[in-house]
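Novice: can't give you the sequence, but here's the structure:
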């Protein structure tokens, strides 16, 4: 029992220390706008953990087993992101129809394009993981169990999608002349889920609230429709 507890403390401590170091590096690069997006804490933190596991000869499954606390915390963290929506409910009611239409089109087209590209490149292993790429990790892992996909591969695809969207999304939308924080937030939440939502909150609470809305609705829609669609195709 003591050994299990010690292992859990060490693995969780590794995650926290890696995140803290990655966050400090991210903050130090504020004056380097071109480099800073590439040093997102999720990227550099994951690299630090991977290096420790590799050079410490630590099996990933062992580390994963003893760091399950963070997987459990994904659920409450995802729910907490929806709280700022309370301040935007009145504005949301005024644009409910275009929001729902955008959600429906974006939630279907975004994974569909990725799946089509993987299929054209004979990447059959990635077809199922890519179908969950635009929902946050907590929801994607649950869907992975339902559709029979590999959880580790699903998590990798989801995190890569989120980091890429958070890094490139705001700059791309600005280039397109989009300055409305509602549109920016909704786009980030729809395409880059939790990581994009965190990035949206860096812009403003309003932007973050709309990203939370898109992230939650995309997760619900994908959870309801994706398993059904896969069963119909089998």
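Specialist: All right, it came through fine. Computed from a prediction, not measured in an experiment: that's the story for all the values here.

Novice: Have a look at the protein and report its longest helix.
Specialist: helix 205-233 (DSSP state H).

Novice: Does anything pack onto that one? Which helices or strands?
Specialist: helix 68-80, helix 96-120, helix 127-131, helix 137-147, helix 181-203 (3 or more CB pairs under 8 Å, 6 or more residues apart in numbering; DSSP states H and E). Heads up, the C-betas are built off the backbone N, CA and C, glycines and all.

Novice: What are the buried residues along the last one?
Specialist: So that's helix 181-203. 181-182, 184-201 (16 or more other CB atoms under 10 Å).

Novice: Kindly report the same for the fourth one.
Specialist: Counting neighbours by 16+ other CB under 10 Å, one finds that the buried residues in helix 137-147 are 137, 138, 139, 140, 141, 142, 143, 144, 147.

Novice: And for stretch 154-174?
Specialist: 154-155, 157-159, 161-167, 169-170, 173.

Novice: Out of these, which sit inside helices?
Specialist: Short answer: these in helices (DSSP H) are 154-155, 157-159, 161-167, 169-170, 173.

Novice: Please identify which of the residues you listed is nearest to residue 119.
Specialist: Residue 119 lies nearest to residue 157 out of those, by CB to CB, at 14.9 Å.

Novice: Residue 13 versus that closest one, what's the distance?
Specialist: 27 Å (CB to CB, to the nearest Å).

Novice: Residue 203 now?
Specialist: In terms of CB to CB, residue 203 sits 32 Å off from residue 13.
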